[in-house]
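A.B. asks: next comes the sequence, and after it the predicted model I'd like to discuss.
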Amino acid sequence: MIGARWRATDAEVAAPQACDALAGEGAVHADRAISIAAPVDVVYRWLCQLRAAPYSYDLEHGGTRLAVRATFTLSRAVTRLLLIGDLVMMRKQLLTLKALAERT
């Protein structure tokens, strides 16, 4: 489905996530990932800031791999729209987190 994947590897898409068990059968998963040239503890501190500021439009050597999965259980038509919107928003969040963490 368009928008269901952005920079996530085959292994990251295949890996089970905690949200998988909560969604049930028929759920659509959207996987996004980004490599960040900053240590895990720095990236984690920036992730903790998401509650206060979403940073959106409104482990590799010396770095961190951040993989995110969103799960949708709505109708197929609504899910398609949400996937595209989520792709735009999550892409911005991941790129902003990357820029902030790498500059730290």
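C.D. replies: Thanks, I have the structure now. Numbering: from 1, shown residues only.

A.B. asks: what comes up buried for the helix or strand harbouring Ala11?
C.D. replies: Assigned by DSSP states H and E, Ala11 belongs to helix 10-14. Buried residues in helix 10-14, counted by 16 or more other C-beta atoms under 10 Å: Glu12. In short, each C-beta sits where N, CA and C put it, glycine included.

A.B. asks: repeat that for stretch 31-48.
C.D. replies: Judged by neighbour count using 16+ other C-beta under 10 Å, the buried positions of stretch 31-48 are Asp31, Arg32, Ala33, Ile34, Ile36, Ala38, Val42, Val43, Trp46, Leu47.

A.B. asks: against Leu47, how distant is the first one?
C.D. replies: It refers to Asp31. Per C-beta to C-beta, to the nearest Å, Asp31 is found 17 Å from Leu47.

A.B. asks: quick one: average pLDDT of the longest helix belonging to the chain?
C.D. replies: If you go by DSSP state H, the chain has its longest helix at helix 76-103. For helix 76-103, mean pLDDT is 90.
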